[in-house]
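Enquirer: no sequence for this one, just the structure:
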């Protein structure tokens, strides 16, 4: 296969910073090529140079074997390069069709926009990727997944030779991810090159033909994905093995902290029963839609159960709202970190003190100096990488944003931490740091309930695990009962006795 893109000896300097140095990257026609590395490894810089957002300091770019200087994003688009980012780049107030034809609206002989042709062609393009959407629909009314599909449709209409996917599954469900993978396979069959960036190793090994690993702005290697293991790639990225990632120290569980009995909520979950002890890391696993998030939201007071009881530190509780749960010592770190866990337009200091304003105010007047001191102490404690506590949270990496969320609950003196998908969109190195925070929390006598869709993560961290399927509790497993096949059977709705019967 011929190379669509060759980036040779790419170096990029910013004032006082060398972002990438002498990096080579080639993407062939009809291949899915992974670009991996920790945050700060240079992935985004390489993409932005290729898409014309940045101009390289040194090196050269060849498209179809011809040296090319990519002046800006519009120039990149005209050369057949397209990108689908985690934060979709669309005009949200316009229709699907208007987004696909932006800047190239079809007109009739009188110079009037030909809406019929625009709608017809939009429908054809979207149906080619198995997406059924009315071309007149305003984009901001669509789900995140459909917005991402519109981005792909826009790129397909431009007949792109190379499509870049940057963390495309971060906000997608399992079913939506499968749909995306089908589209990527279709692009591959058509000879389109795909450059795929993700922190999720299982995705890399599932759909990528080759993988280029970056570390500290330099290329470590390019390998055939089939010839290496996940452990190999992680070791090249960060210099540690997969086993080391989950090698945190646990403590002996103490008294019962949380007890849930017969908890039910119509159409969400039914008859949930479990208890968690002090110092324990308790896991909750299930596929998307299994009811995990809804259960913890009900415990936290964000919704009300129809029946059942919750006992916390020996007292029966029924929080009417999250504020009551927070005052009692519960902390919920939501899956949607940016939308529900943080105020992105505010500073690290503001976010850190958000759940405990009473500690830094007198008669309603905030003591910003005290707030900054508290935020600084947690930046140091959690090794949060930020220029200062006055940095806007939206400018931090995913891992550092998650540390700010944890800091918020530490500042509030929380006792029971509920982590819902704690490492979504977080690179491998930051994951290890977050796991070490788990270790320090339980050593301090805190308790952790972790929800994760990534089975190796929850098997590696939890001491016990509740498995869910479509709102039903399938069982609670101890550490010595953890077996990937067994857990996945339960999460697919196959009970233990049904498995035994099928084997007879």
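Expert: Noted; the coordinates are in hand. This structure is a prediction, so every number in the text was calculated from the model and none was measured.
Enquirer: quick check: bridge partners of residue 84?
Expert: Judged by DSSP bridges, the bridge partners of residue 84 are residue 165.
Enquirer: next one: residue 259
Expert: residue 275, residue 311.
Enquirer: that one: neighbour count?
Expert: 17 (other C-beta atoms under 10 Å). Just so you know, the C-beta spots here come from the backbone N, C-alpha and C atoms, and that holds for glycine as well.
Enquirer: could you do residue 127 as well?
Expert: 12.
Enquirer: got phi/psi on it?
Expert: phi -70, psi -30 (degrees, to the nearest 10).
Enquirer: where do the helices of the stretch 51-200 of the chain begin and end?
Expert: Using DSSP state H, counting those that start in this stretch, the helices found in the stretch 51-200 of the chain span residues 73-78, 96-100, 115-128, 144-157, 174-189.
Enquirer: over to the stretch 401-504 of the chain?
Expert: 428-443, 455-461, 484-491, 496-503.
Enquirer: identify the residues contacting the longest one?
Expert: Spelled out, that is helix 428-443. 38-39, 199, 201, 234, 237-238, 240, 244-246, 248-251, 279-281, 382-383, 397-400, 402-403, 406, 417, 422-423, 426, 448, 450, 457, 461 (C-beta atoms under 8 Å, 6 or more residues apart in numbering).
Enquirer: just for the chain, where's the confidence low?
Expert: By pLDDT under 70, the low-scoring segments of the chain are 1, 16, 39, 86-87, 171, 239-244, 288, 496-504.
Enquirer: name the nearest residue to residue 301, sequence neighbours excluded.
Expert: Using C-beta to C-beta, 6 or more residues apart in numbering and skipping residues adjacent in sequence, the residue nearest residue 301 is residue 319, 3.1 Å away.
Enquirer: swap in residue 115?
Expert: Counting by C-beta to C-beta, 6+ apart, the residue nearest residue 115 is residue 97, at 7.7 Å.
Enquirer: how near is the one you found to residue 444?
Expert: 55 Å (C-beta to C-beta, to the nearest Å).
Enquirer: got it, and residue 420?
Expert: Counting by C-beta to C-beta - residue 420 and residue 444 are separated by 21 Å.
Enquirer: can you check residue 318 too?
Expert: Residue 318 is 28 Å from residue 444, by C-beta to C-beta.
Enquirer: likewise for residue 416?
Expert: Taken as C-beta to C-beta, the span from residue 416 to residue 444 is 12 Å.
Enquirer: compare these two (neighbour count), which wins?
Expert: Remark: of residue 416 and residue 444, residue 416 carries more neighbours, 23 against 11, as counted by other C-beta under 10 Å.
Enquirer: which residues does that one form a beta bridge with?
Expert: The partner residues for residue 416, given DSSP bridges, come to residue 330, residue 447.
Enquirer: which ones are touching it?
Expert: 257, 258, 276, 312, 329, 330, 331, 446, 447, 448, 449.
Enquirer: need the nearest residue in space to the second one, chain neighbours excluded.
Expert: So the one you mean is residue 258. Closest residue in space to residue 258, ignoring its immediate chain neighbours: residue 276 at 4.5 Å, by C-beta to C-beta, 6+ apart.
Enquirer: quickly list the domain ranges of the protein.
Expert: Domain ranges of the chain: 3-245, 254-329+415-504, 341-413, per automatic domain parsing.
Enquirer: tell me the span between the first and last residue of the last one.
Expert: Read that as domain 341-413. 17 Å (C-alpha to C-alpha, to the nearest Å).
Enquirer: now the first one
Expert: With C-alpha to C-alpha as the measure, the ends of domain 3-245 fall 36 Å from one another.
Enquirer: tell me how far it is from the chain's mean position?
Expert: 16 Å (C-alpha atoms, centre = their mean, to the nearest Å).
Enquirer: what of stretch 353-367?
Expert: The answer for stretch 353-367 is 32 Å, by C-alpha atoms, centre = their mean.
Enquirer: which residues are contacting that stretch?
Expert: Stretch 353-367 is contacted by residues 326, 331, 343, 346, 368, 370-371, 374-375, 408-409, 411-413 when judged by C-beta under 8 Å, 6+ apart.
Enquirer: residues touching residue 319, list them.
Expert: Applying C-beta under 8 Å, 6+ apart to residue 319 gives the contacts 299, 300, 301, 325, 328, 330.
Enquirer: what about 10 Å?
Expert: 298-302, 304, 310, 312, 325-328, 330 (C-beta atoms under 10 Å, 6 or more residues apart in numbering).
Enquirer: chain center to stretch 269-283: distance?
Expert: From the chain centre to the centre of stretch 269-283 is a distance of 25 Å (C-alpha atoms, centre = their mean).
Enquirer: give me the helices and strands touching the helix or strand harbouring residue 332, please.
Expert: Following DSSP states H and E, the helix or strand that holds residue 332 is strand 330-333. On a contact count with 3 or more C-beta pairs under 10 Å, 6 or more residues apart in numbering; DSSP states H and E, strand 330-333 meets helix 292-299, helix 322-328, helix 398-411, strand 416-420, strand 447-451.
Enquirer: burial count for the residue nearest to residue 115?
Expert: Residue 97 has 26 neighbouring residues, counting by other C-beta under 10 Å.
Enquirer: what about residue 202, distance to residue 277?
Expert: 31 Å.
Enquirer: of the two, who's got more company?
Expert: Neighbour totals were compared for residue 202 and residue 277, and residue 277 leads with 17 against 12 (other C-beta under 10 Å).
Enquirer: ok, and the closest non-adjacent residue to that one?
Expert: Residue 277's closest residue in space is residue 253 (C-beta to C-beta, 6+ apart), at 3.7 Å.
Enquirer: list the contacts of that neighbour.
Expert: So residue 253 contacts 276, 277, 278, 279, 280, 281, 282, 442, 447, 463, 464 (C-beta under 10 Å, 6+ apart).
Enquirer: repeat that for residue 94.
Expert: 100, 101, 102, 138, 139, 140.
Enquirer: now, which of the residues you listed sits nearest residue 209?
Expert: residue 100 (28.9 Å; C-beta to C-beta).
Enquirer: number of residues surrounding the closest one?
Expert: 24.
Enquirer: what's the answer for residue 367, then?
Expert: Neighbour tally, residue 367, other C-beta under 10 Å: 14.
Enquirer: ends of stretch 356-371, what's the gap?
Expert: 10 Å.
Enquirer: repeat that for stretch 311-330.
Expert: 12 Å.
Enquirer: can you give the distance from it to the centre of its chain?
Expert: 29 Å.
Enquirer: now do stretch 2-20
Expert: The answer for stretch 2-20 is 26 Å, by C-alpha atoms, centre = their mean.
Enquirer: so which of the contacts of residue 253 wins on neighbours?
Expert: Ranked by the number of neighbours (other C-beta under 10 Å), those place residue 281 first, at 27 neighbours.
Enquirer: number of residues surrounding the nearest residue in space to that one that is not next to it in sequence?
Expert: Excluding its sequence neighbours, the residue lying closest to residue 281 (C-beta to C-beta, 6+ apart) is residue 448, at 4.6 Å. Around residue 448 there are 24 other residues, counting by other C-beta under 10 Å.
Enquirer: verify the contact between residue 448 and residue 464 for me.
Expert: No: here residue 448 lies out of contact with residue 464, judged by C-beta atoms under 10 Å, at a distance of 11.6 Å.
Enquirer: anything in contact with each of those two?
Expert: 276, 280, 281, 282, 283.
Enquirer: is the fourth one in a bridge, and if so with what?
Expert: This means residue 282. Once the bridges are assigned, which here means DSSP bridges, residue 282 pairs with residue 449, residue 464.
Enquirer: and what of residue 7?
Expert: residue 25, residue 61.
Enquirer: so it touches residue 42, yeah?
Expert: No: look at residue 7 against residue 42 with C-beta under 10 Å: they stay out of range, at 11.4 Å.
Enquirer: which residues do those two both contact?
Expert: By C-beta under 10 Å, 6+ apart, residue 7 and residue 42 have these common neighbours: 20, 23, 49.
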